[in-house]
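**Student:** Provided below are the primary sequence and the corresponding predicted coordinates.
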Amino acid sequence: MGERREDSEADDYLEECQSLTHYRYEGGMYPRISYGLETFRDPVEAGRKPCRHCGAVKGQLHHPLCDYEQCPVCGNQVMGCGCGILVEDAVRAEPSPQQASQTNESYRSSLSGPSEPVAVLDHSAAEASWMVGGKTSFQLLAVTIVCTDLARSVRFYEQALGAVREADDGYGCPWFKLGSVPITLLHNATMVSPAKFPEHPMAMLWVETDDLTTAARRFAHFGVKVLNPSDGQSMIIADPDGIVIEVWQAAPEDSVGNAERAR
């Protein structure tokens with residue numbers, strides 16, 4: 001992660017984003033903040049490499065609502081602040097006062113749950129082509145875990161799961177490597193997850209350990225909540241905010257492989 005994507009469609013969209021110079025908010029227009037001018041995170045990284053999330057280089061505008069973009073209204077991370085800015089609020093030129101008022105009213109109505117569908121904002125031909133035309137692909141770059149207590153979650157992932165802290169905390173969120181997978185903790189939540197396993201749909205982390213028996217003792221030592229105790233092959237635990245984690249005993253090196261193991 002952290003390298004600029006060379007995919008032509010992604011590059012075309014990033015170029016298109018350079019003309020989306022403002023965000024609409026509460027009837028006003030706010031200039032978007034270029035990569036490298038952020039104040040909510042260390043801007044030094046912009047001088048060394050492109051944005052790890054959207055590929056913008058220093059001085060370019062991010063994709064709207066990029067993880068590294070700063071909100072021009074409140075100064076915090078735009079994707080996680082309370083201003084409620086949406087991707088479609090990024091615009092090329094200031095609309096007329098009537099258009100701004102209509103858009104703002106549609107946005108307010110969407111938050112209150114309108115009984116009638118709200119019309120989708122119009123997009124340019126270039127945007128529409130990028131969004132719905134042609135073949136595209138995606139890749140998982142990292143897992144972001146939203147938490148209520150940052151220090152508590154850091155202790156859990158570092159001490160209970162053995163995640164390795166990365167040197168670059170990016171925009172104030174700690175980054176770790178859990179095996180080969182990058183994870184980051186985002187301190188935005190105000191309450192723990194209400195989802196219950198296995199009744200509710202949810203995303204789960206799936207990790208492996210070389211010694212499940214020792215892992216179970218480790219979890220007990222750190223007071224980790226156990227949802228399903230170990231059966232010798234796997235167990236299910238939860239992080240401090242209720243994020244469900246499935247822990248498997250790693251298959252022997254001479255086995256067929258993890259992908260073929262019955263779950």
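**Tutor:** Received the coordinates, thanks.
**Student:** Mind checking what secondary structure the residue lying closest to residue 229 once chain neighbours are set aside has?
**Tutor:** Nearest residue to residue 229 in three dimensions, chain neighbours excluded: residue 235, at 5.9 Å (C-beta to C-beta, 6 or more residues apart in numbering). No exception for glycine: its C-beta is placed from N, CA and C like everyone else's. When the structure is split into helix, strand and coil by DSSP: H, G, I helix; E, B strand; the rest coil, residue 235 lands in strand.
**Student:** and residue 235, how far is that from residue 159?
**Tutor:** According to C-beta to C-beta, to the nearest Å, residue 235 and residue 159 sit 18 Å apart.
**Student:** The two: which has the busier surroundings?
**Tutor:** A direct count of neighbours by other C-beta atoms under 10 Å for residue 235 and residue 159 places residue 235 higher, at 21 against 13.
**Student:** who touches that one in this structure?
**Tutor:** Taking C-beta atoms under 8 Å, 6 or more residues apart in numbering as the criterion, residue 235 is in contact with 212, 215, 216, 226, 228, 229, 246, 247.
**Student:** again, only this time at 10 Å
**Tutor:** Counting by C-beta atoms under 10 Å, 6 or more residues apart in numbering, residue 235 touches 209, 212, 215-216, 219, 226-229, 245-249.
**Student:** Where do the strands of the chain begin and end?
**Tutor:** Remark: strands of the chain, listed N- to C-terminal, are 22-25, 28-31, 90-91, 143-146, 164-165, 175-178, 181-186, 205-209, 225-228, 234-238, 244-249; assignment by DSSP state E.
**Student:** just checking, what packs against the first one?
**Tutor:** On a contact count with 3 or more C-beta pairs under 10 Å, 6 or more residues apart in numbering; DSSP states H and E, strand 22-25 meets strand 28-31, strand 90-91, helix 97-111.
**Student:** Of all the residues in the first one, which ones are buried?
**Tutor:** Applying a neighbour-count criterion of 16 or more other C-beta atoms under 10 Å, one finds 29, 30 buried in strand 28-31.
**Student:** Show the average pLDDT along it.
**Tutor:** Rounded to a whole number, the mean pLDDT of strand 28-31 is 90.
**Student:** tally of neighbours for the closest residue in space to residue 45 that isn't next to it in sequence?
**Tutor:** Using C-beta to C-beta, 6+ apart and skipping residues adjacent in sequence, the residue nearest residue 45 is residue 168, 6.9 Å away. Counted with other C-beta under 10 Å, the neighbours of residue 168 add up to 12.
**Student:** Also the one 10 residues further on?
**Tutor:** Residue 178 sits with 16 neighbouring residues when counted by other C-beta under 10 Å.
**Student:** distance of it from residue 225?
**Tutor:** Separation of residue 178 from residue 225 (C-beta to C-beta) stands at 18 Å.
**Student:** same deal with residue 43?
**Tutor:** To residue 225, residue 43 is 39 Å away according to C-beta to C-beta.
**Student:** if you count what's nearby, which of these two comes out ahead?
**Tutor:** Between residue 43 and residue 225, counted using other C-beta under 10 Å, residue 43 has the larger neighbour count: 16 against 13.
**Student:** Mind checking which of the contacts of residue 235 are buried?
**Tutor:** Those of the contacts of residue 235 that meet the buried threshold are 209, 212, 215, 216, 219, 245, 246, 247, 248, 249, by 16+ other C-beta under 10 Å.
**Student:** What residues does residue 249 make contact with?
**Tutor:** By C-beta under 10 Å, 6+ apart, the residues touching residue 249 are 208-213, 215, 230-235, 261.
**Student:** scratch that, residue 64
**Tutor:** With contacts defined as C-beta under 10 Å, 6+ apart, residue 64 is in contact with 17, 20, 23, 32, 54, 78-79, 85-91.
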